[in-house]
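Trainee: coords please:
(6 chains, ligands or ions: 12)
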Number of protein chains: 6
Amino acid sequence: MTAKNQPISGNDLARFSGPNTFMRLPSAGRLQGLDVAVVGVPVDIGTSWRSGTRFGPKQIRAESAMIRPYNMATGAAPFDSLQVADIGDLAINTFSLKDTIRIISESYDAILNAGALPMAMGGDHSITLPILRSIARRHGPVALVHVDAHADVNDEMFGERETHGTVFRRAYEEGLINPEKTYQIGIRGTGYAATDFKEAAGWGFQQFPAHDLWGRDLSQMAAEIRRDIGDRPVYVTFDIDGLDPAYAPGTGTPEIGGLTTPQALQLIRALRGAPIVGCDLVEVSPPYDPSGNTALTGANILYELLCILPGVEYR
Amino acid sequence: MTAKNQPISGNDLARFSGPNTFMRLPSAGRLQGLDVAVVGVPVDIGTSWRSGTRFGPKQIRAESAMIRPYNMATGAAPFDSLQVADIGDLAINTFSLKDTIRIISESYDAILNAGALPMAMGGDHSITLPILRSIARRHGPVALVHVDAHADVNDEMFGERETHGTVFRRAYEEGLINPEKTYQIGIRGTGYAATDFKEAAGWGFQQFPAHDLWGRDLSQMAAEIRRDIGDRPVYVTFDIDGLDPAYAPGTGTPEIGGLTTPQALQLIRALRGAPIVGCDLVEVSPPYDPSGNTALTGANILYELLCILPGVEYR
Amino acid sequence: MTAKNQPISGNDLARFSGPNTFMRLPSAGRLQGLDVAVVGVPVDIGTSWRSGTRFGPKQIRAESAMIRPYNMATGAAPFDSLQVADIGDLAINTFSLKDTIRIISESYDAILNAGALPMAMGGDHSITLPILRSIARRHGPVALVHVDAHADVNDEMFGERETHGTVFRRAYEEGLINPEKTYQIGIRGTGYAATDFKEAAGWGFQQFPAHDLWGRDLSQMAAEIRRDIGDRPVYVTFDIDGLDPAYAPGTGTPEIGGLTTPQALQLIRALRGAPIVGCDLVEVSPPYDPSGNTALTGANILYELLCILPGVEYR
Amino acid sequence: MTAKNQPISGNDLARFSGPNTFMRLPSAGRLQGLDVAVVGVPVDIGTSWRSGTRFGPKQIRAESAMIRPYNMATGAAPFDSLQVADIGDLAINTFSLKDTIRIISESYDAILNAGALPMAMGGDHSITLPILRSIARRHGPVALVHVDAHADVNDEMFGERETHGTVFRRAYEEGLINPEKTYQIGIRGTGYAATDFKEAAGWGFQQFPAHDLWGRDLSQMAAEIRRDIGDRPVYVTFDIDGLDPAYAPGTGTPEIGGLTTPQALQLIRALRGAPIVGCDLVEVSPPYDPSGNTALTGANILYELLCILPGVEYR
Amino acid sequence: MTAKNQPISGNDLARFSGPNTFMRLPSAGRLQGLDVAVVGVPVDIGTSWRSGTRFGPKQIRAESAMIRPYNMATGAAPFDSLQVADIGDLAINTFSLKDTIRIISESYDAILNAGALPMAMGGDHSITLPILRSIARRHGPVALVHVDAHADVNDEMFGERETHGTVFRRAYEEGLINPEKTYQIGIRGTGYAATDFKEAAGWGFQQFPAHDLWGRDLSQMAAEIRRDIGDRPVYVTFDIDGLDPAYAPGTGTPEIGGLTTPQALQLIRALRGAPIVGCDLVEVSPPYDPSGNTALTGANILYELLCILPGVEYR
Amino acid sequence: MTAKNQPISGNDLARFSGPNTFMRLPSAGRLQGLDVAVVGVPVDIGTSWRSGTRFGPKQIRAESAMIRPYNMATGAAPFDSLQVADIGDLAINTFSLKDTIRIISESYDAILNAGALPMAMGGDHSITLPILRSIARRHGPVALVHVDAHADVNDEMFGERETHGTVFRRAYEEGLINPEKTYQIGIRGTGYAATDFKEAAGWGFQQFPAHDLWGRDLSQMAAEIRRDIGDRPVYVTFDIDGLDPAYAPGTGTPEIGGLTTPQALQLIRALRGAPIVGCDLVEVSPPYDPSGNTALTGANILYELLCILPGVEYR
Ligand SMILES: [Mn+2]
Ligand SMILES: [Mn+2]
Ligand SMILES: [Mn+2]
Ligand SMILES: [Mn+2]
Ligand SMILES: [Mn+2]
Ligand SMILES: [Mn+2]
Ligand SMILES: [Mn+2]
Ligand SMILES: [Mn+2]
Ligand SMILES: [Mn+2]
Ligand SMILES: [Mn+2]
Ligand SMILES: [Mn+2]
Ligand SMILES: [Mn+2]
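Mentor: Ligands and ions are numbered 1, 2, ... in the order given. Below is the predicted model:
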């Protein structure tokens, strides 16, 4: 048996040292043999308000140096059983969103063909559409756990049909997701009409507006979602703006009245056992995050997602 | 029927573009025909600790470009039935608090005489005294919903009787407010003696200290306040430091242990139906708000207040 | 009867003026006659990730100018009955952690010998080990209330046995604390193995992981701790990272999912009556705190601790 | 004779008040009658490193409130003889650089057809290509004064031929500029080969590398450029990164060793009398400009350009 | 002979420790025996654009901890021969500029009557008018060295005659200064008409616009000023915005194209021997100075002024 | 012939992507075959004022992604002829300066024994002492070009003899450097006595105080230094605080009146041809560098040093 990749320990090399990879895991030059491929997708040209998410992957990696391998709360030890590596950033075209979307999908096809489960560090939410295209090519329409302040179901923005605000309408139209098994959690704020949310509900999307969740322990709700998913392949997409700006100030389109990090952890931990086939954490914008703590939060959410992937051992 | 003013849609003009008005509403050159006049009152010479609120109106306007017209949580569509415009900033005298207070009151008389309901973007809390003087001239002593970390009932500060810390003692003494229908919500922190709060309670003020509200859903409490107000004209003044500094870091005299934004939204939404005659949001200090999110929070609170004004349609 | 030292009132001298002492109390040139000695311990060379806590005392003092003498929530009036002064900073050796630890302990012996109760403004958590050595020399093994995201029970870090991550293993080994009366509150995050926490539990430490406290009022838990302490001398050490980064962003090793400030206040207030013999507030890092609010929070926590010291009058 | 538009005086309305237009000039709803149209072009999707220039126009306008109408150094009084207004922002497509480039050019055709001289507030430098296309349609190939750290003559970037780094190769290829009358001032830094600069020199571009300008008064050099231009129509494009990062930190691709602001002022002032047909100031990135001073510098450079436009009176 | 006060050495107590006094000099409770009284005047209600200078004295003191007692460039050893202390802040009225101006003047009378030379840490420039009133009461009309971007000779602002922009017109009108011996250095930027500067020139003011000084060594110019002053008592007022924003970003009304710090040092050092009777450094605004370096610059300018005071020994 | 390592081109992979190595060069797992080893030395426990330089290497690497391989000003093409790699960070002991100094020296012995020329990214200046020990072990006493605001020749600080302020006294005492061929450039500011500089001059150090360099082109001075070095092995140590804080704000002990970046480039470029055996760039402190530009400046200085190493081809 080969030993799995391990993060560099903070007791072996000072945390501010070492490679700027996710949790200071090894960089993988090739995909073969990986169970999980952590990948940066440094895009911000799909954003409608503040930009800056192009630096998300770099900053999430930097802050992830704080994270140790064992999850004290749940007992998960993801690096005992999974071969995880940071495969670097996708070589996106920073001047063309359309081309970037093509590149992401092609890159994801390669990751999935190699048998690795992809974990993306965004980048803005526009990256999830090409990801879902690849995911659907491999797994068929998937269940979707979607944490976000926004439903991201616009038809178009400035005539464009592929932006960070149109992802899940496209995913629905293209049959990439199972609408009855699509869970939108934390949506809130303002819109143009009630149909902004209701139309998607009409497609079957299960919506959990933030104001219904305020002050609640989300463990039970998430357990019900997990049961509802059953053995369907499921993709998890976590827009950091699903959290309240108090918890995640460094993002591009913040909305007040969001989730707390305890709620996010309750939610993720209760999804344990679900047949996750991929996940992402998007919309961390470092220029609006002077302390670095939003990137740290994003890194922790990715770590918690890693802890519930199929095959993770708990001890 | 004339169409009402509408905010510029984020799908028509990129949010970082367009006029720097509240929600990118039209600027109004004249008051006639307005149901609601949004007005900036850029004052910080009434502050006792950190200054900077003079840039509050400008930054609140900038961040308000994120807000869309329809309230997804409540169904309010304020621009369907109300004619709302941004009437710009009052031409205060930035070197004299006394003169500024005079100017505010005169300007408010004009707004009220034109039949518009005034919504102020502060500025520090000293602006609310001249506002209440005008309000009382028109409506008589009003009920007052006052969200704040501080009771603002000092007798004087450095010998001055009109500052951001003396507003509500003056309002009481001058008969501008109905003390039995004055609700101080979120007050907390330290003082010089128990009388700092108790004296105002003796005048009839109903006080809701923050530590009694921690962890609670404020909907019911606010519904009781709303019932207690009855059909009396009521003014709502929201000091952003009523919120916890986690939720509103960019303010001049923060106090730990405050309200959350969900609580603020519960509070405001439950006041729906009250005969509001004016409101303000004060104490946003942009130099202490590097992400801009405190101004964004202030903008959202103003929007939520707009949503409960008399005459707003819900759909 | 001599009048006690009083903070300079914000109504006598503008808060941004005056000495940069804790709450603008007098500076004490000598220890005699002091009930409480507030002392800065400006250390950051014991930190493992972000540095900057060397500026903690200076910034905590600056922000403490906001605090008034009377506790509105509890009625505590600490300056009525206690003689409190700021005795300045310990003359640590900023180039040698080992020497600094020696200096702290010698300085604390002097403070304790003079009969003053020491309240430290850190500095990183490594300062608490030499403090506990002095405390134990005077009081024997003490009960310990330890609020922190981290258990700080590493055996060594880079071969060093005295750092901000090894404090409470050393304190246990050296018999400075009563392990059965050691309460670790708010611990969370990631580690290297379950033993990171369990080993200390095996020594008798009572652990209250953050995820068991989410959403709870901590008053009752703290009251039980207070009862369990009984009349044993107790030391309180508050690592600001025990709070969630939303509430205390400016710290060196933040962990998501922490305590709220209301919980911190509930916790401290319920400890009233415990025979506290010293306390500290550590790990405020001003370079990561652009608004200053983390230092303000630290100052308030110190004030709340002052309010529950033996002998404080309530009115 | 109609009075010309005047900036709101800082003595009439506090500078932090009033419309967020350039120098608080009136907003123009229509182009007719304007001599000069100040226009925002809020683009950052043409950038290759840090983004954020989409907020450039908004911040330049905010900081321009400091500028008064009369140029103390030169005696220029641009608002005596020119009708100047801020015509707002172009309605660019923030998700498509290609479409944005089309929109800019169409908008510029309208401005030029109305007879107004366009002054653009960028946005990244990619906006200058469509601007030059319109300029050339109206004026034929123009002389070009190009202040920049970069020559911006790449052939393509990630396969794209229209980005902020390819502008002047395209302009040359398309015959938009007169290569012998193209002056590149302040270029410096690193490249891929000597040809990065030399190829453009071969086209006729006159290059003034920064290291030849260090410590020099640029008045004479600029006077020679002015003479060389003669009576040819000339466009001035000022990339703020032409300045040293000490003088303009808030930009996306800073290069050390650049021009000083005195040099920039010497340069512009010596161009007086040249038949300028348009100008722009690009690459101010507010998220990297915490003090706002880079935007202020950009605003001043635009003002100085305004002062040398044809027809400006000096008194 | 009594030993003079000495700054705490950075080798005795870490620089981030110790009292927050200027250069960590002793605080003086009384004025008697002082040759030089360093005093904070924490005012920002006289500012017309960005506020924040109320925190100037606190931050200048904090950064002054870097400064050692001996001037390596000039050999000045001010603490060998002068008794210098920090006398704290004047108890200004932060809500009334008028009252603050009165307080400053009364306080200065006391300082001057005690025989101490006053060195003020501002605060905005409005503080210099009451200072000059006291200075003139004691010394008669003084020569004035005035470094500034602005002439500060407005007649009124918003009807107020005493603000940071009207100081030197009032000083002229009131006969506080000798107009022929008034030197305005570094003035620049924009105004309302040529008379903004010329009127003061007509009173006799000697003006040295920044654009005449660019790139020059100021030693000779300053030496000529020094000769022109002769043995007249002279007051030096240094507005930090006299420096270029590259050198002093953290100020309220920055103007591009200003002096460099080498020029400021040349200027001050060449004034050695002038019969200085007082000086100030104003307009440092900490909220706009994230690195603290503007306050550091202000502290150094004050130190250099201290080094040229009458009676300073050089070794 | 094997192709040399090349930085990843900004046209192949977006600059915000890719490995966080110096200029995105390959990471070297082994030293063999390297001509130049770029190494991070992330230390800040040797600092006396602001800390934070522990994050220097990480941030310098991040910003170095802007730099392209060819030097437009000089024609240097360092990657044509030298094999350069980033060998990561030294595994320093962040809790013990003494141990860290030992580790650095041992690590440098290994680098030098492998035949690679070491280029260090600091870290504070204390790292240069152990570096010089290794250098001297290999090359004997070396000539030293030392750019700095400070002479760093204290005897001890708080009793410690190895800190960032004592480096060059130790180097002199230990015979690591040739005192007659030691050039201290840019020194300035304040001290405790004239001997602070003069004593080192007495050892033979050639000192070039900043005030003698203001406004000068340094090319000739540096050419003279280069001639004076002759064919002696020379080490170059560049403390970023040698630059003026306008050019390098993000550093721990800034001093006003420093060098400009043009002067730094003139200095380095004129040293071309000197037999350099190693170099470092120290004292970049990211927490005090909100724009990142100080790290960018540090990266460029390292690049310019790389360009003058023996064997570099120019084309
Ligand atoms: Mn989204
Ligand atoms: Mn979202
Ligand atoms: Mn208030
Ligand atoms: Mn308040
Ligand atoms: Mn701890
Ligand atoms: Mn901790
Ligand atoms: Mn350019
Ligand atoms: Mn450029
Ligand atoms: Mn001034
Ligand atoms: Mn000025
Ligand atoms: Mn040094
Ligand atoms: Mn130095």
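Trainee: tell me how far the closest residue to ligand 6 within the stretch 51-200 of chain A lies from ligand 12.
Mentor: Relative to ligand 6, the nearest point of the stretch 51-200 of chain A is A:M66 (11.2 Å; Cβ to the ion). Heads up, the C-betas are built off the backbone N, CA and C, glycines and all. Separation of A:M66 from ligand 12 (Cβ to the ion, to the nearest Å): 30 Å.
Trainee: okay, A:V236: pLDDT?
Mentor: For A:V236, the pLDDT comes out at 98.
Trainee: list the beta-bridge partners for it.
Mentor: For A:V236, the beta-bridge partners under DSSP bridges are A:V145, A:C279.
Trainee: can you check A:N71 too?
Mentor: In beta-bridge terms (that is, DSSP bridges), A:N71 pairs with C:T190.
Trainee: now do the contacts for it.
Mentor: A:A77, A:P78, A:Y303, A:E304, A:C307, C:T190 (Cβ atoms under 8 Å, 6 or more residues apart in numbering or on different chains).
Trainee: what's around the third one, how many residues?
Mentor: The tally of other residues near A:Y303 (other Cβ atoms under 10 Å in any protein chain shown) stands at 25.
Trainee: element containing it?
Mentor: helix A:293-307 (DSSP states H and E).
Trainee: that helix and chain C, are they touching?
Mentor: Yes. Helix A:293-307 comes into contact with chain C (Cβ under 8 Å from any Cβ of the partner chain), by way of A:N293, A:L296, A:T297, A:N300, A:Y303.
Trainee: what is the nearest of the residues you listed to ligand 9?
Mentor: A:N293 (38.9 Å).
Trainee: which residue is the nearest non-sequential neighbour of the closest one?
Mentor: C:P245 (4.5 Å; Cβ to Cβ, 6 or more residues apart in numbering or on different chains).
Trainee: what's the distance between the one you found and A:L31?
Mentor: The gap separating C:P245 from A:L31 is 34 Å, by Cβ to Cβ, to the nearest Å.
Trainee: more neighbours, these two?
Mentor: Higher neighbour count among C:P245 and A:L31: C:P245, with 29 against 18, using other Cβ under 10 Å.
Trainee: which residue does the stretch 51-200 of chain A have closest to chain C?
Mentor: The nearest approach of the stretch 51-200 of chain A to chain C comes at A:R68, 4.0 Å away (Cβ to the nearest Cβ).
Trainee: that residue in helix, strand or coil?
Mentor: coil (DSSP: H, G, I helix; E, B strand; the rest coil).
Trainee: re the thing from before, next, the residue nearest to A:N293: phi, psi?
Mentor: phi -60, psi -20 (degrees, to the nearest 10).
Trainee: residues touching it, list them.
Mentor: Per Cβ under 8 Å, 6+ apart, neighbours of C:P245: A:Y247, A:S291, A:N293, A:L296, A:T297, C:T251, C:P254, C:E255, C:I256, C:G258.
Trainee: mind giving me the packing neighbours of the helix holding A:Y303?
Mentor: helix A:56-64, strand A:70-71, helix A:78-81, strand A:117-122, strand A:234-239, helix A:261-270, strand A:276-282 (3 or more Cβ pairs under 8 Å, 6 or more residues apart in numbering or on different chains; DSSP states H and E).
Trainee: so, low pLDDT: which residues of chain A?
Mentor: Scanning chain A with the threshold set as pLDDT under 70 gives A:1-2.
Trainee: in it, which spans are helices?
Mentor: A:56-64, A:78-81, A:97-113, A:128-139, A:167-173, A:195-203, A:219-229, A:261-270, A:293-307 (DSSP state H).
Trainee: ligand 4 contacts on chain A?
Mentor: Residues of chain A found near ligand 4 (Cβ under 5 Å from the ion): none.
Trainee: which positions in chain A make contact with chain B?
Mentor: A:48-49, A:154, A:156-158, A:187-194, A:196-197, A:209-211, A:214-215, A:244-246, A:249-250, A:253-257, A:288-290.
Trainee: now, those residues that are in strands?
Mentor: A:T190, A:G191 (DSSP state E).
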